[in-house]
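Chemist: Curious how this folds, go ahead:
(one chain, ligands or ions: 3)
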Amino acid sequence: GVVHRSDELVVPRARVGRVPVGVSSRRLRIVVTGGAGFVGSHLVDRLIERGNDVIVIDNFFTGRKENLVHLFGDHRFELIRHDVVEPILLEVDQIYHLACPASPVHYKYNPVKTIKTNVMGTLNMLGLAKRIGARFLLTSTSEVYGDPLEHPQKETYWGNVNPIGERSCYDEGKRTAETLAMDYHRGAGVEVRIARIFNTYGPRMCLDDGRVVSNFVAQAIRKQPMTVYGDGKQTRSFQYVSDLVLVNGLMALMDGEHVGPFNLGNPGEFTMLELAEVVKQTIDPSATIEFKPNTADDPHMRKPDISKAKELLNWEPKISLRDGLPRMVSDFRNRILNEDETKGM
Ligand code: NAD
Ligand code: UDP
Ligand code: UDP
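Modeler: Residues are numbered from 1 along each chain as shown. Ligands and ions are numbered 1, 2, ... in the order given. All right, here's what the predicted structure looks like:
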């Protein structure tokens, strides 16, 4: 039988090869910036599986070669170490622009670099798209809604964002990236697509990524207390990565006719205390929690209204948090075990 690596998504057979009309007629050449990262590497797998030629551009700030090593040697796959803040010349049909650290810990580490990546990086990729007539997809974020005053959030909501806060390099950066995409669309006729992705989890997240799902899962496996920030009553809505990257998610948006923006997320809403409880039930019934101070400007609640994506993209997430969490545990266990062995434990 087929042997799957623990970090690869198992794709139902019926969904592989169900390629949108017009896409399969010729081998598409596709760039994925940030393709060595968590979401990017899963997307690259799907594109290669569909028969496309894929070029990954990544500076390995948070991405890892391990996420792509199974594709080395595949003639359809190419990996370029490059920083999107610098211009680049390529000839492709589509650009999936993901390059940007996504965890608050990573994007706050060098905020000026984060805003440069969002502004200059996106400008370069749009300039590239304009020159070669490629279609461009931006992975924006639910963070554009800031600490939302509308709940759940619809795409028509303009958001409540602090322009001078510690999160601004990311949320204002992504808002500017959306502005650039729309201005290249209106002004230069570039075909753009905008996805506003909500909190996503799954195999290949960095172990010490700092995001809440990866923290709780790694902590529970390592028998450390799960760190709940603040009172733990803030909410998020968690989407399993395969719902986002399977053929009818990001790829349907890219290949379809709608510009967006589209919310792509799972409307199932959890407090951080509820999330800790689900992780406890999934990994270790004896797991404990420990309260830590919260970070500045942390959004109090977040939940996508996905009616637009349902109606226009026929997209809907299928995997609940209770079903999705176990699917990332074996990948995390394997990597934590390897880490311990390397340390001689
Ligand atoms: P990630 O950190 O795992 O991946 C980001 C990738 O971009 C990494 O491989 C990193 O090395 C690369 N990168 C960063 N700066 C770069 C630069 N200047 N030049 C070239 N490469 C660069 O994060 P992810 O979770 O995979 O997120 C991917 C995209 O999706 C990001 O744009 C993020 O904003 C967006 N997004 C993710 C989530 C989520 O919950 N995962 C939610 C909303 C939006
Ligand atoms: N750019 C790039 N590759 C290309 C075309 C453009 O990296 O193939 C960069 C270019 O260096 C510029 C940005 O994209 O910094 C915007 O390009 P555009 O042509 O829109 O603007 P201009 O160069 O006229 O300022
Ligand atoms: N959080 C937490 N413990 C952690 C990491 C994060 O309680 O170890 C909280 C954080 O304060 C926020 C929520 O979990 O309210 C989601 O944080 P994350 O960094 O995963 O993503 P965000 O949605 O804030 O970008």
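
Chemist: secondary structure class for the residue of the stretch 101-250 of the chain found nearest ligand 2?
Modeler: The nearest approach of the stretch 101-250 of the chain to ligand 2 comes at residue 127, 2.1 Å away (CB to the nearest ligand atom). Placement of C-beta: from N, CA and C, glycine included. Put simply, residue 127 is helix when judged by DSSP: H, G, I helix; E, B strand; the rest coil.

Chemist: Tell me which residues touch it, please.
Modeler: By CB atoms under 8 Å, 6 or more residues apart in numbering, the contact set of residue 127 is residue 87.

Chemist: How about residue 235?
Modeler: Applying CB under 8 Å, 6+ apart to residue 235 gives the contacts 269-272, 300-303.

Chemist: Pull up the residues of the stretch 1-150 of the chain that are close to ligand 1.
Modeler: Residues of the stretch 1-150 of the chain lying close to ligand 1 (CB under 6 Å from any ligand atom) are 33-34, 36-40, 57-63, 83-85, 98-102, 117, 121, 139, 141.

Chemist: if you look at those, which of them are in helices?
Modeler: 38-40 (DSSP state H).

Chemist: In contact with the most centrally placed residue in the chain, which residues?
Modeler: Central residue of the chain (CA atoms, centre = their mean): residue 39, 4.3 Å from the mean position. Residue 39 makes contacts with 98, 102, 139, 197, 200, 241, 244-245, as judged by CB under 8 Å, 6+ apart.

Chemist: Going by distance to residue 45, which of those residues wins?
Modeler: The closest of the contacts of residue 39 to residue 45 turns out to be residue 245 (CB to CB; 8.0 Å).

Chemist: what's the burial count for the closest one?
Modeler: Neighbour count for residue 245, taken as other CB atoms under 10 Å: 23.

Chemist: now do residue 251
Modeler: Each residue near residue 251 was counted by other CB under 10 Å, and the total is 24.

Chemist: how near is it to residue 44?
Modeler: 11 Å (CB to CB, to the nearest Å).

Chemist: Could you do residue 84 as well?
Modeler: In terms of CB to CB, residue 84 sits 16 Å off from residue 44.

Chemist: now swap in residue 311 and tell me
Modeler: For residue 311 relative to residue 44 (CB to CB), the value is 29 Å.

Chemist: Show me which of these two is the more surrounded one.
Modeler: Looking at residue 311 and residue 44 with other CB under 10 Å, you find the greater number of neighbours at residue 44, namely 27 against 9.

Chemist: And the pLDDT at the more buried one?
Modeler: pLDDT recorded at residue 44 is 98.

Chemist: isn't it right up against residue 32?
Modeler: Yes. Under the criterion of CB atoms under 8 Å, residue 44 makes contact with residue 32 at 5.4 Å.

Chemist: between the two, what contacts are shared?
Modeler: Joint contacts of residue 44 and residue 32 (CB under 8 Å, 6+ apart) are 54, 56.

Chemist: ok, now which ones touch the residue in the stretch 51-200 of the chain that ligand 1 sits nearest to?
Modeler: Minimum separation of the stretch 51-200 of the chain from ligand 1 (CB to the nearest ligand atom) falls at residue 63, amounting to 2.1 Å. Contacts for residue 63 (CB under 8 Å, 6+ apart) come out as 34-37, 40-41.

Chemist: out of those, which one sits closest to ligand 3?
Modeler: For the contacts of residue 63, the nearest to ligand 3 is residue 37 (14.9 Å; CB to the nearest ligand atom).
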